[in-house]
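> Need coordinates for the following:
(one chain, ligands or ions: 2)
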Amino acid sequence: MLTQRLILTGNEAHDEPLIQQAAAIIHAGGLVAFPTETVYGLGADALNSEAVRRIFLAKERPAWDPLIVHVDTPEAIHRYTHDYSVLTEKLIRAFMPGPLTLVLPKREMISDVVTAGRDTVAIRIPLHPVARALIRSSGTPIAAPSANKFGRPSPTTADHVLHDLNGAIEAVLDAGQTPMGVESTILDMTTQPPTLLRPGGVPKEAIEAVIGAVRTLGDPIEEGEPLPAPGLSVRHYAPKAKVLLCAPEPAIFYGALKDALSQYAFVGALRPEGWRTPDDPRLRVFEWGKWGDWETLAQRLFRGLRALEQEQTHAIVCPLPPEEGLARALRDRLLRAAR
Ligand code: AMP
Ligand code: MG
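Ligands and ions are numbered 1, 2, ... in the order given. Predicted coordinates:
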C-alpha cells in the first residue's frame with residue numbers, strides 16, 4: 001500500500017479538499033493519521049469494527065489495549081456514553097476541547113474492538129483544528145491511538161508517523177509539529193473519586209481545582225478490582241536505545257553521562273539549556289530546552305528520543321522531571337521508557 005502524505009498549509013481553501021479526501025478514507029473503513037494538539041493519532045471509524053481492527057494490525061498493538069475515541073462536541077460524548085454525573089459536566093465545560101480523556105460507561109454502537117471488550121469507553125474532544133475538521137467531515141466518531149508502532153515514542157511530526165507506519169496506512173495529514181507533544185490526561189469517571197489513569201496535557205492540579213481530589217494510580221486499589229488501565233503497565237514510549245534517568249542536578253547529569261560513556265559505545269543526552277556535558281566524540285546531544293519550562297520540554301521530548309535513536313546511540317541519559325503540573329506527564333513517559 002502507498003501511504004499518501006497530505007500536506008496542509010493552514011489555508012482553508014487549500015486544505016479543505018485534503019480534509020475531504022481523508023474523511024472519505026475514514027468513511028470507507030481506511031486508516032488516516034492526523035495531528036491533534038497532543039501527538040499524531042491513527043484514526044479509523046469507531047463504529048466500524050473491521051476498520052478499528054486494522055489499527056491494531058498496523059500498530060502491532062495487542063487487542064487488549066483499548067483506544068481513545070475522538071468526537072467534536074459535548075453532545076457527541078453524551079451520544080456514545082451514558083453518564084449524567086455533575087463532575088463529568090464540570091470537566092467537559094472546563095477542559096473540552098483539550099487534552100483531557102474521560103473513561104465513561106459506553107453505549108452499544110461503540111465497537112467492542114475499540115474498548116477491548118470493556119463496558120467503558122475513553123473519549124475526548126481534541127482542540128487541534130485539523131482533528132476537528134476531520135471528525136466533522138467524517139461524520140463519525142474516530143478511534144485513534146497514537147500513530148506509532150506499539151511501544152515506541154509517540155509521533156509529533158508526520159515524518160515520525162511515516163517512519164513507523166509507511167505502507168501500513170492509507171494517508172497522513174501533515175500539519176507540522178504537534179503543539180503539546182505529550183498525550184492527553186486520562187481520568188476514569190467510573191470510580192469515586194475519579195482515578196487519574198495517565199498524567200498528560202491537563203495537570204492533575206487543574207482537574208482537582210474543578211472537581212476536588214482525584215485518586216492516582218499507584219494509590220492502593222481495593223482487593224478484587226481489575227487493573228483499570230490496560231496498556232499502561234508495559235514498557236512504552238521507548239526508543240531502541242536504553243533510557244538512563246538521573247536526578248535533575250547539572251553535576252549529577254554530568255556524572256551520569258561520564259558513567260554511560262564508560263559503558264556504552266555511543267551515548268545520547270537530552271540536555272537542558274546551559275547544562276554541561278562531557279567533551280567526547282561518542283556523545284550525541286539533543287538540546288532539549290530550559291529546565292522548568294515544561295511546555296517546551298514536553299513538546300520536544302519524543303522528538304528528542306527519536307532524534308537520538310536515529311543517531312545510533314546505545315543509551316540516552318536524561319534528567320527526571322518532578323511530580324508536579326505538566327512535569328508529571330514527562331516523568332511518567334520517561335519512567336515507562338526506562339523500564
Ligand atoms: P493511546 O491511545 O495509545 O494513547 O492509549 C490509550 C490508553 O487509554 C490505553 O493504553 C488505555 O490504557 C487507556 N484506555 C483506553 N480506553 C480505556 C478504558 N475503557 N478503560 C481504561 N483505560 C482505557
Ligand atoms: Mg500510544
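> Skipping adjacent residues, who's closest to the residue in the stretch 1-150 of the chain that ligand 2 sits nearest to in space?
At 3.4 Å from ligand 2, residue 146 is the closest residue in the stretch 1-150 of the chain, using Cβ to the ion. From N, CA and C alone the C-beta is placed, and that goes for glycine too. Closest residue in space to residue 146, ignoring its immediate chain neighbours: residue 154 at 4.1 Å, by Cβ to Cβ, 6 or more residues apart in numbering.
> Next, count neighbours for the one you found.
27 (other Cβ atoms under 10 Å).
> That one and residue 302, how far apart?
Separation of residue 154 from residue 302 (Cβ to Cβ, to the nearest Å): 5 Å.
> what's the answer for residue 338, then?
On the measure of Cβ to Cβ, residue 338 and residue 302 end up 14 Å apart.
> how about the helix or strand hosting residue 251: buried residues?
Residue 251 belongs to helix 250-263 when assigned by DSSP states H and E. For helix 250-263, the neighbour count (16 or more other Cβ atoms under 10 Å) marks 253-254, 256-257, 260-261 as buried.
> now, the most widely separated pair of those residues?
Across the buried residues of helix 250-263, the longest distance by Cβ to Cβ is 12.8 Å; it joins 253 and 261.
> Compare residue 338 and residue 302 and say which is more crowded by neighbours.
residue 302 (27 against 16).
> Tell me the confidence at whichever residue of the stretch 201-339 of the chain sits closest to ligand 2?
Nearest to ligand 2, among the residues of the stretch 201-339 of the chain, is residue 236, at 7.1 Å (Cβ to the ion). For residue 236, the model assigns a pLDDT of 85.
> Distance of the residue lying closest to it once chain neighbours are set aside relative to residue 172?
Take residue 236 and drop its neighbours on the chain: the residue closest to it by Cβ to Cβ, 6+ apart is residue 336, 4.4 Å away. From residue 336 over to residue 172 the distance is 25 Å, taken as Cβ to Cβ.
> These two: who's more crowded?
residue 172 (29 against 18).
> show me the contacts for the most centrally placed residue in the chain.
Among the residues of the chain, the one closest to the centroid is residue 183, at 3.0 Å (Cα atoms, centre = their mean). Neighbour list for residue 183: 38-39, 99, 146, 154, 198, 200-201, 329 [criterion: Cβ atoms under 8 Å, 6 or more residues apart in numbering].
> quick one on the thing from earlier: tell me the mean pLDDT over the helix holding residue 251?
98.
> do stretch 291-301 as well
Computed over stretch 291-301, the average pLDDT equals 98.
> outside of that stretch, which residues touch it?
153, 156, 177-182, 248, 270, 272-273, 275, 286, 288-290, 319, 321, 325-327, 329-330, 333-334.
> try it again with 6 Å
181-182, 272, 288-289, 326-327, 330 (Cβ atoms under 6 Å, 6 or more residues apart in numbering).
> Okay, helices next: where are they in the chain?
With DSSP state H as the criterion, the chain has helices at 12-27, 49-59, 74-80, 86-95, 112-115, 129-138, 158-165, 204-211, 250-263, 294-310, 327-337.
> okay if I get these as JSON lines plus distance to residue 122?
Shown next, in JSON lines, are these (distance: least, Cβ to Cβ, whole Å):
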{"stretch": "helix 12-27", "distance to residue 122": "19"}
{"stretch": "helix 49-59", "distance to residue 122": "13"}
{"stretch": "helix 74-80", "distance to residue 122": "11"}
{"stretch": "helix 86-95", "distance to residue 122": "13"}
{"stretch": "helix 112-115", "distance to residue 122": "8"}
{"stretch": "helix 129-138", "distance to residue 122": "16"}
{"stretch": "helix 158-165", "distance to residue 122": "21"}
{"stretch": "helix 204-211", "distance to residue 122": "15"}
{"stretch": "helix 250-263", "distance to residue 122": "36"}
{"stretch": "helix 294-310", "distance to residue 122": "20"}
{"stretch": "helix 327-337", "distance to residue 122": "16"}
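> can you redo these as TSV with distance to ligand 1?
As requested, the helices of the chain are exported to TSV (distance: least, Cβ to the nearest ligand atom, whole Å):
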stretch	distance to ligand 1
helix 12-27	17
helix 49-59	8
helix 74-80	12
helix 86-95	15
helix 112-115	5
helix 129-138	13
helix 158-165	13
helix 204-211	16
helix 250-263	29
helix 294-310	12
helix 327-337	11
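> quick one, which of those is nearest to residue 244?
Per Cβ to Cβ, nearest to residue 244 of those: helix 250-263, 5.9 Å.
> Quick one: list the elements packing against the closest one.
When contacts are defined as 3 or more Cβ pairs under 6 Å, 6 or more residues apart in numbering; DSSP states H and E, helix 250-263 packs onto strand 242-246, strand 267-272, strand 315-319.
> shaky segments in the stretch 151-300 of the chain?
When residues are selected by pLDDT under 70, those of the stretch 151-300 of the chain lie in 218-234.
> What residue in it comes nearest to ligand 2?
Closest point on the stretch 151-300 of the chain to ligand 2, by Cβ to the ion, is residue 154, at 5.6 Å.
> interface residues of the stretch 51-200 of the chain facing ligand 2?
Neighbours of ligand 2 within the stretch 51-200 of the chain, by Cβ under 5 Å from the ion: 145-146.
> The nearest residue to residue 203 once chain neighbours are set aside: neighbour count?
Nearest non-adjacent residue to residue 203, counting by Cβ to Cβ, 6+ apart: residue 325, 4.4 Å away. Residue 325 has 16 neighbours, counted by other Cβ under 10 Å.
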